[in-house]
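Participant: with the input below, show me the fold.
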Amino acid sequence: MKDFKIKPLEDRVIIKPSNAVEKTKGGIILPDTAKEKPVEGTVVAAGPGRIKDDGKAISMHVKVGDKVLYGKYSGTEISVEDDEFLIMRESDIFGVLA
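Facilitator: Numbering: from 1, shown residues only. Predicted coordinates for the structure are as follows:
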C-alpha cells in the first residue's frame, strides 16, 4: 500500500489486520459474532521512531510490508476509505513473522 494517507508519528505503526477465521477446522462456518479478532496483520505505514530524553533516536524495528503478531485487543481501530486498520505503538507488536 504505497502512498498511505496517514503518516504515523514517533513509534506508531498502522496495521491492516488479516481476515478473521470464517470456518473451524471441522468445517463449521462461524457467524460474525463468533469470529475471533485477528492477531496477525501487515504493516502498511510506520513512523520514523522515537527520540529518547537525551536526544538520541531509537529507530523502528518493523517496516512497511512486515507481517506481524500483536495482542488481541491492541491498538485503536480506524477506518480509511472503507478499510479497517489498527494504529498502535511498536511496543504492542509481539513479533515479525518470517
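Participant: the residue nearest the centre of the chain: what secondary structure?
Facilitator: Centroid-nearest residue in the chain: Ile15, 2.7 Å away (criterion: C-alpha atoms, centre = their mean). Under DSSP: H, G, I helix; E, B strand; the rest coil, Ile15 falls in the strand class.
Participant: what's the spacing between it and Ile87?
Facilitator: With the distance defined as C-beta to C-beta, to the nearest Å, Ile15 ends up 8 Å from Ile87. C-beta here means a position set from N, CA and C on the backbone, and glycine is covered the same way.
Participant: what touches both of those two?
Facilitator: Taking C-beta atoms under 8 Å, 6 or more residues apart in numbering as the contact rule, Ile15 and Ile87 both touch Gly75.
Participant: one step back: is the nearest residue to the residue nearest to the centre of the chain once chain neighbours are set aside bridged to anything, and to what?
Facilitator: Nearest residue to Ile15, sequence neighbours excluded (C-beta to C-beta, 6 or more residues apart in numbering): Gly41, at 4.1 Å. Beta-bridge partners for Gly41, by DSSP bridges, are Pro17, Val68.
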